[in-house]
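Q: Got a predicted model here, sequence first, then my questions.
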Amino acid sequence: MTPLAADIIGLVGSALFIAAFAYANMVQVIDKVLFNSINLVGAALLLTSLWVNFNLAAFVLETAWALIAAVSLVAALRTRASQRRKVRMEP
């Protein structure tokens with residue numbers, strides 16, 4: 001991967017973080033699946049860019065961000081599935 005490609009990928013990841021932050025501050029009820037998906041993809045893109053332009057502090061931050069987003073995404077998907085099951089069971 002070229003340094004330019006890595007920069008572009010990193011910038012897209014950063015844009016996703018900014019979009020997720022803006023979304024979280026603009027809506028009254030956050031769709032946690034959407035929010036955590038955007039954060040996970042953003043972190044993955046930034047981690048990808050760090051393979052070319054490595055920075056230890058950024059790598060640690062993005063790894064933690066990705067792990068938190070992944071765990072939170074799984075929890076949000078489980079909650080959503082549970083809520084759908086309850087709706088189907090109601091008479």
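A: Cool, the structure landed.
Q: For the rest of this, base every contact and every neighbour count on C-alpha atoms.
A: Fine.
Q: Stretch 22-39 - what's its average pLDDT?
A: For stretch 22-39, the mean per-residue pLDDT is 98.
Q: Measure how buried residue 13 is and give me the count.
A: 24 (other C-alpha atoms under 10 Å).
Q: Residue 45 versus that one, what's the distance?
A: For residue 13, the distance to residue 45 equals 5 Å [C-alpha to C-alpha, to the nearest Å].
Q: shaky segments in the protein?
A: Filtered on pLDDT under 70, the chain yields the residue ranges 90-91.
Q: how close does the residue most central in space within the chain get to residue 3?
A: The chain has residue 39 as the residue nearest its centroid, 1.6 Å off, counting by C-alpha atoms, centre = their mean. Noted for residue 39: a distance of 23 Å to residue 3, by C-alpha to C-alpha.
Q: that older thread, who are the neighbours in contact with the residue nearest to the centre of the chain?
A: By C-alpha atoms under 8 Å, 6 or more residues apart in numbering, the residues touching residue 39 are 16-17, 20, 65-66, 69.
Q: Sitting in helices, which of those residues do you find?
A: 16-17, 20, 65-66, 69 (DSSP state H).
Q: For the host helix or strand of residue 74, could you pull out the residues that count as buried?
A: In the assignment (DSSP states H and E), residue 74 maps to helix 56-89. Neighbour counts over helix 56-89 (16 or more other C-alpha atoms under 10 Å) mark 59, 62-63, 65-66, 69-70, 72-73, 76 as buried.
Q: name the helices or strands packed onto it?
A: helix 32-50 (3 or more C-alpha pairs under 8 Å, 6 or more residues apart in numbering; DSSP states H and E).
Q: Just want the angle from the helix it packs on to helix 56-89.
A: 160 degrees (axes from the mean of the first three to the mean of the last three C-alpha atoms, to 10 degrees).
Q: Can I get helix 32-50 in PDB? Just the C-alpha atoms.
A: The C-alpha trace of helix 32-50 is given here as PDB (Å, rounded to 0.1, in the frame of the first residue of the first chain):
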ATOM      1  CA  LYS A  32     -26.600   1.700  18.700                       C
ATOM      2  CA  VAL A  33     -26.100  -0.800  15.900                       C
ATOM      3  CA  LEU A  34     -25.500   2.000  13.400                       C
ATOM      4  CA  PHE A  35     -23.400   4.000  15.800                       C
ATOM      5  CA  ASN A  36     -21.100   1.100  16.700                       C
ATOM      6  CA  SER A  37     -20.900  -0.100  13.200                       C
ATOM      7  CA  ILE A  38     -19.700   3.200  12.000                       C
ATOM      8  CA  ASN A  39     -17.100   3.400  14.800                       C
ATOM      9  CA  LEU A  40     -15.900  -0.100  14.100                       C
ATOM     10  CA  VAL A  41     -15.400   0.500  10.400                       C
ATOM     11  CA  GLY A  42     -13.700   3.900  11.200                       C
ATOM     12  CA  ALA A  43     -11.300   2.200  13.600                       C
ATOM     13  CA  ALA A  44     -10.600  -0.600  11.100                       C
ATOM     14  CA  LEU A  45      -9.700   1.900   8.400                       C
ATOM     15  CA  LEU A  46      -7.500   3.900  10.700                       C
ATOM     16  CA  LEU A  47      -5.700   0.700  11.800                       C
ATOM     17  CA  THR A  48      -5.200  -0.200   8.200                       C
ATOM     18  CA  SER A  49      -3.600   3.200   7.500                       C
ATOM     19  CA  LEU A  50      -1.300   2.700  10.500                       C
END
